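Chemist: predicted model, plus sequence, below.
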Amino acid sequence: MQSTSHAFKDNAHGALADDRLQKALGKMKVGFQDKRTRAVARLPEFDQLRDQSRDIKNHVLEHLDLYLERFEDKVIERGGKVHWCRTPGEARDAILGICRSVDAKIVTKGKSMIAEEIEINDHLEKNGLEPVETDLGEYIIQLRKEAPSHIIAPAVHLNKEDVAETFMKIHTTLDPKRSLEEPRALVNEAREMLRQKFLAADVGITGANFLIAETGSTVIVTNEGNGDLTQTLPKVHIVLASLEKIVPTLEDASTILRVLARSATGQEFSSYTTFSTGPRRPEDLDGPEQFHVVLLDNGRTGMLGTEFQEMLRCIRCGACMNHCPVYGAVGGHAYGWVYPGPMGSVLTPSLIGVQEAGHLPNASTFCGKCESVCPMRIPLPKMMRHWREREYQNKMSPQAFRNGLSVWAWFAKRPKLYRLASKLAMGVLGGLGRRKGRFRSLPLAGGWTGGRDMPAPEGKTFHQLWAERQANSSSPGKKAA
Amino acid sequence: MSEARTQILSGIRRSLKRDGASPEMTAVVDDRLRGHQRNLVPQRSALSASDKVDLFVSMVTEVAGTVDRLPNLSRVPHAVADYLASQNLPAEVKVAPDPRLEAVPWDKRPTLTVTRGRAEDRDLTSVTAAFAGIAETGTLMMLSGPEHPTTLNMMPDTHIVVLRADQIVGSYEDGWDAVRGRNKDMPRTVNFITGPSRTGDIEQTLQLGAHGPRRLHILLIDGAGV
């Protein structure tokens, strides 16, 4: 998709002023967080499983070439084919080539973030094919010509009234007086409409949560069952996956599966976890006749061996965005590209460049919640700091910001002067603001006071308060908290 | 061998600062792939056989699946017909052409229409066996093959599964051991099925039957045979 990440600030302002979006985000936050907390509490080994999941992926990344070769051998052995693609363009060509070889018209799709990354729908449409999203959320946003706003809940920014409006507008063959007030009615209608597409499709494209080197299997995890119909009914099954999805064995996949659903939706396990290995066997009564794996790099091998290697452990559960105060305030579209939230703030600059996406690593309060819930223990805040450093080194941050930082740094390197200056500043601000206790506007702080008042300092600096606290706690019988 | 393949693999080695793979590295990888070593398996499912069955049933129930415990296979036709009646569904089933279901005396309920094969769009209810039940999360493990077309798991509105209690294992890993124990290739599809199809895509409200079955009903056979 076309990135608007460079416009993050404007996007975020727009999102904050959007009442419908704010209503939808309000519902999301409580749901995901509570459910995850409950699921984690029920599994005493959860943190140990996180450690092991991290170790599995670390091991894989260090041996990535070997596991990919083993995986390909197995896929070929079972009658499938692997298409190696360096760029989105190569992946699009590979997919279109397969579709054309069977004279495909309708292509059903399971949910895949890589599909968004390579903009496959546009490409297929331009070439006269009809791509049909079958995940309910993806279907809704495809009809609305929008991008997903969340990696596991693509339509989380919409309310049911929005969906009803869209279905009324697009499903013109149905009774215009029908009631679409209840979510049940919306789900039933989508099921009816999409069932016909499943049956008519020539090619089904799914993503992959895992690729398994031991068996050459690809794995999808869904709740709806749309991925299974996508890959079982058409003649051709194409799996579109990025190359870091690989794990060694069925046991390793099982370990990571235990942390995936719990982190994502707070379920013990998703409804459908499906392992697909090659095309249908000669004696089978159903299943696809062809099995293709389109394996995409798109800059990922360049992240190996850098400070961003650990990002390649990500299993796309969405826990980081479900718990992020910034995502919770502005939603996914503000981030401007495929991957929103903290994982997007780290990954997007790697994939499309820090020039385009440099704002994203700054869209963080550094509260650390994302890292604390990440099932793969990815140090997201640390990596956002790496990007900020690069941004500074490349002189990409605004001049006023850089000047301010230089002034601060000059004082910070001179502790006596720093303490004196901050003491003076706090004293003056405290005095000025004593009557009202807050400031409605302040020089150089318009970004803050434009939306809210600035509380006036009470007159003492942190250093002073700390010193007093230490003095108190060092007296006998007392202990620092 | 494509140019992209060569470049991607050499790019990985360059990033990892090595030329190729040492024999030691290759051995580590191949041992790991052959060894099927287990990682930590949660204690939850380390139970006696009967407790595993109880855990399986309670986990299935938690995800809106239903379980009917039967003493033997001869009860299956009655259980199916009664269940369909209770749900106001037509007495018609598409049954998997599975030797494990051969012993079911369907003619004991002559009003039940039984056909066999893969699922078609018009089939409202399917009956299949299962390869295993996994107690840990109330998960059914299904292997595709001529005796178990995958479409039967996914297309009908109602999926009825016949499972023997002694097929219930503790963990996913136990399930994989059983798959390997067949000494056959991986089937085209292994489905792990945990409750009926669902979606939360509209305002996070749970709706069953998004694309797959709305109802998952398990007939759990406690005795060994007919």
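Modeler: Thanks, I have the structure now.
Chemist: closest residue of chain A to chain B?
Modeler: Taking C-beta to the nearest C-beta, chain B has its nearest neighbour within chain A at A:G225, 2.7 Å off. For the C-beta atoms, the positions are set from N, CA and C on the backbone; glycine is no exception.
Chemist: which non-adjacent residue is nearest that residue?
Modeler: B:G212 (2.7 Å; C-beta to C-beta, 6 or more residues apart in numbering or on different chains).
Chemist: which ones are touching the closest residue to B:R13 other than its chain neighbours?
Modeler: In space, not counting the residues next to it along the chain, B:R13 is nearest to A:D65; the distance is 5.8 Å by C-beta to C-beta, 6+ apart. When contacts are counted by C-beta atoms under 8 Å, 6 or more residues apart in numbering or on different chains, A:D65 touches B:9, B:12-13, B:16, B:21.
Chemist: among those, who's most crowded?
Modeler: Among the contacts of A:D65, the one with the most neighbours (other C-beta atoms under 10 Å in any protein chain shown) is B:I12, at 23 neighbours.
Chemist: hey, where'd the helices end up in the stretch 301-450 of chain A?
Modeler: According to DSSP state H, counting those that start in this stretch, the stretch 301-450 of chain A carries its helices in the segments A:319-322, A:325-330, A:341-352, A:354-357, A:369-373, A:380-393, A:399-412, A:415-432, A:446-449.
Chemist: so which of these is the most packed in?
Modeler: For these, the stretch with the most neighbours on average is helix A:319-322, a mean of 28; neighbours defined as mean count of other C-beta atoms under 10 Å in any protein chain shown.
Chemist: which other helices and strands does that one contact?
Modeler: Here helix A:319-322 touches helix A:19-41, helix A:341-352, helix A:369-373, going by 3 or more C-beta pairs under 8 Å, 6 or more residues apart in numbering or on different chains; DSSP states H and E.
Chemist: pLDDT at the closest residue to chain A within chain B, what is it?
Modeler: Of all residues in chain B, B:G212 sits closest to chain A, with a separation of 2.7 Å (C-beta to the nearest C-beta). For B:G212, the model assigns a pLDDT of 96.
Chemist: contacts only, for it.
Modeler: For B:G212, the set of contacting residues under the criterion of C-beta under 8 Å, 6+ apart consists of A:224-225, A:228-229, A:271-272, B:153-155, B:159, B:196-197.
Chemist: tell me which of these is nearest to B:V127?
Modeler: B:H159 (8.2 Å; C-beta to C-beta).
Chemist: circling back: the residue of chain A closest to chain B: how many residues sit nearby?
Modeler: Burial of A:G225, expressed as a neighbour count using other C-beta under 10 Å, amounts to 27.
Chemist: isn't it up against A:T274?
Modeler: No. Between A:G225 and A:T274 there is no contact under C-beta atoms under 8 Å: 9.2 Å.
Chemist: contact residues of the stretch 301-450 of chain A facing chain B?
Modeler: On the criterion C-beta under 8 Å from any C-beta of the partner chain, chain B has as its neighbours in the stretch 301-450 of chain A the residues A:301-306.
Chemist: state the helix or strand in which the residue nearest to the spatial centre of chain B lies.
Modeler: Centrality entry for chain B: nearest residue to the mean C-alpha point is B:M141, 2.5 Å, by C-alpha atoms, centre = their mean. Assignment of secondary structure by DSSP states H and E places B:M141 within strand B:139-143.
Chemist: where along chain B do the strands fall?
Modeler: With DSSP state E as the definition, chain B shows strands at residue ranges B:66-70, B:92-95, B:113-116, B:125-129, B:132-134, B:139-143, B:158-164, B:168-169, B:189-193, B:198-199, B:207-208, B:215-221.
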